[in-house]
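1. could you look at this predicted model? Sequence included:
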Protein chains: 2
Amino acid sequence: MQDMVAPNIKDCSDCPIRHRAVCARCEPDELELLEDIKYYRSFSAGQTVMWAGDRMDFVASVVSGVASLTQTMEDGRTQMVGLLLPSDFVGRPGRETAAYTVTATSELVMCCFRRKPFEQMIDTTPHIAHRLLEMTLDELDAAREWMLVLGRKTAREKIASLLSIIARRDAILSKNAERKSLAFDLPLTREAMSDYLGLTLETVSRQISALKKDGVIVLEGKRRILVPDMYRLIDEAGDDSDGGFLS
Amino acid sequence: MQDMVAPNIKDCSDCPIRHRAVCARCEPDELELLEDIKYYRSFSAGQTVMWAGDRMDFVASVVSGVASLTQTMEDGRTQMVGLLLPSDFVGRPGRETAAYTVTATSELVMCCFRRKPFEQMIDTTPHIAHRLLEMTLDELDAAREWMLVLGRKTAREKIASLLSIIARRDAILSKNAERKSLAFDLPLTREAMSDYLGLTLETVSRQISALKKDGVIVLEGKRRILVPDMYRLIDEAGDDSDGGFLS
DNA sequence: AACCATCCTTGATATGGATCAAAAGGCGGA
DNA sequence: TCCGCCTTTTGATCCATATCAAGGATGGTT
């Protein structure tokens, strides 16, 4: 259960935050400041990055792997409220303690920035604040998209929605976007999927079996998914929420 | 179906955005700039402020009344993804078209700011950008809270959660916070409540009746709710999501 | 190779909420 | 004041998903 420095990352060029959150318009001296306050941490599947209520001394960006944000009720019911894929950002500037539990659902490498100096950068560097606002608005849109899934979709549609999202993100990362058929590894256990979808793990398993029987997906082992026809899968998801794949 | 200028609002001092989003640390000349770009619109219950996909030339803040953000699937299933109470902000700087349909669920007055000049203010006035980021993060937290409600709570808990939220907001507005018992008007039809909670309107009605029968709430007419014991209601909601009431 | 701990699948049954249906308020307009 | 529309309540039945239960696959450890 020991964190370690990721051995294979040398500089900011591998760090998504450089491209997505902060650095697109950074001046060289700002980049240098970023270098000063950042460090890498890696986690193995199942490890908890932080518990809700923990003091949080950093904000971070996912370099590789997948993490989840979860909320748990006293009686143990838990709901995933965010899925962090590579290049996603986690942490709330200005907040001392974590509001959600963050868990690595697969091998995970995060690029962390010490919170206090990061907050100073936000205050002194307008385009960083601007970029952060954009990212937060994107996350808000994603959360609202997900509210439709949780509130109004059937179990089958929920599974198809989740697979679409992962497939799309995977395709973008591997530059395979707009390919009709594709394959990817599921970075979540059935239980994690059920926590995301507001279902039980048995229902998740059954619906995956059903989608397989109907030829919407093909399983290679338990975790690898082939999607023969991405448009079919998106259609099963019940709406255009994943229309972004088409663009 | 005609918008009109709200007759009873003369200056920014009645405008929530002044306090919540923009003006807390505004310089006099910034306030003047705000005055230049703002105007009021009012709507009656049921009126649609804008449809998803509409071109959006303004961002706005709710002055009084309640509005909802909704998403609808092709087959008509709809999910509310945001409830806008007085002082809440709506609109995404940098986006041309509305992502959600905005509807007045009661008499509604909004304070609108023309989008382009508002965006310029954001870019040139760091503390406005900062405040906007904070508000967006608050909304994101609220959305994630709601994901737990949608994904994991029972119908009864969902109703209690919604009533708690409205009660709390109402108490804050009328400076009645931390009172144990309180009363408020429901600004939503049963159908709107069902769209928020991912239920049918029949289930909403039945659960309200059940809470009434059990003495958790008292109904005066259909729309006015008395809560004899706020802590009881919060308890029925199933978790501490409304612990904010206690503070 | 045998063992163990997870993770996953499948079956049988139970149930909370949806659906279908009807009637009872409430409220504005003629 | 009465009518007609809209909202709400309540009842009967159905069904999608949860729950309970058992067994199978997988991968790591000794």
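-> Everything's here; your move. Residues are numbered from 1 along each chain as shown, chains lettered A, B, ... in the order given.
2. which residue is the nearest non-sequential neighbour of A:S44?
-> Spatial nearest neighbour of A:S44, chain neighbours left out: A:E107 (6.0 Å); criterion: C-beta to C-beta, 6 or more residues apart in numbering or on different chains. In this view, the C-beta of every residue, glycine as well, is placed from N, C-alpha and C.
3. let me see the contact set for that neighbour.
-> A:42-45, A:64-65 (C-beta atoms under 8 Å, 6 or more residues apart in numbering or on different chains).
4. next, it: phi, psi?
-> Reported as degrees, to the nearest 10, the phi and psi values for A:E107 are phi -50, psi 140.
5. for A:F43, same thing?
-> Backbone phi and psi, for A:F43 under degrees, to the nearest 10, turn out to be phi -140, psi 150.
6. need the per-residue pLDDT for it.
-> In this prediction, A:F43 carries a pLDDT score of 92.
7. from A:S68, how far off is it?
-> Here the distance between A:F43 and A:S68 works out to 12 Å (C-beta to C-beta, to the nearest Å).
8. beta-bridge partners for the residue nearest the centre of chain A, please?
-> For chain A, the residue nearest the mean C-alpha position is A:L84 (1.8 Å; C-alpha atoms, centre = their mean). The residues listed as beta-bridge partners of A:L84 by DSSP bridges are A:A67.
9. tell me which element the residue in chain A that DNA strand D sits nearest to falls in.
-> The minimum distance from chain A to DNA strand D, using C-beta to the nearest atom of the strand, falls at A:T203 (3.1 Å). Remark: A:T203 resides in helix A:201-213, with elements defined by DSSP states H and E.
10. thought the residue nearest to the centre of chain A was touching A:T70?
-> No. Judged on C-beta atoms under 8 Å, A:L84 makes no contact with A:T70 at a distance of 11.2 Å.
11. tell me which other helices or strands the biggest helix by length in chain A touches.
-> Identified as the longest helix of chain A according to DSSP state H is helix A:126-152. Under the contact criterion of 3 or more C-beta pairs under 8 Å, 6 or more residues apart in numbering or on different chains; DSSP states H and E, the helices and strands touching helix A:126-152 comprise strand A:78-84, strand A:89-90, helix A:115-124, helix A:155-173, strand B:67-72, strand B:78-84, helix B:115-124, helix B:126-152.
12. please name the residues that touch the residue nearest to the centre of chain A.
-> The neighbours of A:L84, taking C-beta under 8 Å, 6+ apart as the test, are A:62, A:66-69, A:90, A:102.
13. now it: how far from A:H130?
-> Computed as C-beta to C-beta, the A:L84 to A:H130 distance reads 22 Å.
14. what of A:D138?
-> Remark: distance between A:D138 and A:H130 (C-beta to C-beta) = 13 Å.
15. so the two - more neighbours on which side?
-> A:H130 (20 against 14; other C-beta atoms under 10 Å in any protein chain shown).
16. just confirm A:V109 contacts A:V66, I think it does.
-> No. Between A:V109 and A:V66 there is no contact, the gap being 10.8 Å when judged by C-beta under 8 Å.
17. how about the residues of chain A that lie near DNA strand C?
-> Taking C-beta under 7 Å from any atom of the strand as the criterion, chain A approaches DNA strand C at residues A:46, A:189-191, A:201-202, A:204-206, A:208-209, A:219, A:222-223.
18. and the buried ones among those residues, selectable in PyMOL?
-> Selection command for PyMOL covering only the buried members of these, criterion 16 or more other C-beta atoms under 10 Å in any protein chain shown:
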select buried, chain A and resi 189+190+204+205+208
